[in-house]
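1. no sequence on this one, just coordinates:
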């Protein structure tokens with residue numbers, strides 16, 4: 001999980017530096033999906049809309065259900081059991097990250113206009129960079145992306161997968177987050193940095209909640225003692 005956080009921080013820092021000394025990354029990437037003739041973003045597609053609206057709920061629900069089935073009926077997979085602390089970790093991280101921090105605080109008080117609302121793409125408002133909270137958007141603004149933050153919550157269940165499979169699970173969560181973020185960018189609903197910082201905010205909440213509420217067991221998976229730890233220690 002830390003490598004995910006480091007990667008997001010690195011991407012955000014690089015995009016910020018480039019925007020400060022050269023072309024603006026957010027405007028450049030948003031412009032790739034904008035048609036200057038029709039004055040619309042290319043992502044306005046019914047299939048994209050269906051995937052965007054229903055894909056996140058379907059994938060998250062299926063992922064949790066599959067994890068529960070494997071945990072209960074396939075003990076040879078040795079997935080950690082869903083203890084009360086684990087359930088609390090997953091629930092609180094979802095409520096505090098995508099819920100409170102993203103949709104309750106940032107999007108309501110960070111006045112960055114969405115791409116379709118800025119003058120560069122036919123809108124009435126001036127573009128502002130991600131670090132500027134003083135944009136003219138008044139409600140449900142662009143920074144940060146709620147979809148990216150919610151999709152990144154899938155890193156939470158992925159963190160619980162045993163070590164041999166954890167890398168695959170984290171990669172799948174990263175791919176899912178990238179796809180959902182890309183769909184929002186394609187319709188002009190979010191800038192690139194909105195998605196990066198949205199995913200980063202949830203990743204940091206997940207790490208903090210895991211450390212405080214449900215730290216990894218010390219003796220093997222699921223809290224079971226390993227063969228090495230079960231050996232009696234020699235006495236003097």
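-> Thanks, I have the structure now. Because the structure is a prediction, the values reported are computed rather than measured. Numbers count the residues shown, from 1 in each chain.

2. these two touch, right, residue 156 and residue 89?
-> Yes. At 7.2 Å, residue 156 and residue 89 qualify as touching, with contact defined as CB atoms under 8 Å. To be clear about C-beta, it is placed using only N, CA and C from the backbone, and glycine gets the same treatment.

3. Of the two, which one has the most company?
-> More neighbours surround residue 156 than the other of residue 156 and residue 89, with 26 against 22 (other CB atoms under 10 Å).

4. Now residue 41: phi and psi?
-> phi -80, psi 140 (degrees, to the nearest 10).

5. And for the residue lying closest to it once chain neighbours are set aside, the neighbour number?
-> Nearest non-adjacent residue to residue 41, counting by CB to CB, 6 or more residues apart in numbering: residue 188, 3.9 Å away. Using other CB under 10 Å, the number of residues around residue 188 comes to 24.

6. ok, residue 188 to residue 195 distance?
-> To residue 195, residue 188 is 13 Å away according to CB to CB, to the nearest Å.

7. And for residue 2?
-> Counting by CB to CB - residue 2 and residue 195 are separated by 20 Å.

8. Looking at those two, which has the bigger crowd around it?
-> Ranked by neighbour count (other CB under 10 Å), residue 2 and residue 195 place residue 195 first, with 27 against 8.

9. Touching, that one and residue 185? I think so.
-> Yes. The pair residue 195 / residue 185 is scored as a contact, 6.5 Å apart, by CB under 8 Å.

10. so where is the chain shaky, pLDDT-wise?
-> 44-56, 58-83, 216-236 (pLDDT under 70).

11. can you give me the helices in it?
-> Taking DSSP state H as the criterion, the chain carries its helices at 2-21, 25-32, 46-73, 84-94, 107-109, 146-152, 155-159, 163-186, 192-212, 227-230.

12. Any chance of CSV for those, columns distance to residue 133?
-> Output for those, formatted as CSV (distance: least, CB to CB, whole Å):
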stretch, distance to residue 133
helix 2-21, 15
helix 25-32, 15
helix 46-73, 26
helix 84-94, 25
helix 107-109, 7
helix 146-152, 17
helix 155-159, 26
helix 163-186, 20
helix 192-212, 12
helix 227-230, 50
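
13. Of all those, which one is nearest residue 134?
-> Nearest to residue 134 among the helices of the chain is helix 107-109; the distance by CB to CB comes to 10.6 Å.

14. quick one, what contacts the residue nearest the centre of the chain?
-> Nearest to the mean C-alpha position of the chain, counting by CA atoms, centre = their mean, stands residue 152 at 2.2 Å. If you count contacts by CB atoms under 8 Å, 6 or more residues apart in numbering, residue 152 has them with 97, 173, 177, 198-200, 202-203.

15. Count the residues that sit near the nearest residue in space to residue 102 that is not next to it in sequence.
-> Excluding the flanking residues, the one nearest residue 102 by CB to CB, 6+ apart is residue 149, at 4.4 Å. Using other CB under 10 Å, residue 149 is surrounded by 31 other residues.

16. So residue 149 sits against residue 98, correct?
-> Yes. Counting by CB under 8 Å, residue 149 does reach residue 98; the two are 4.3 Å apart.

17. what touches both of those two?
-> Common neighbours of residue 149 and residue 98, using CB under 8 Å, 6+ apart, are residue 202.
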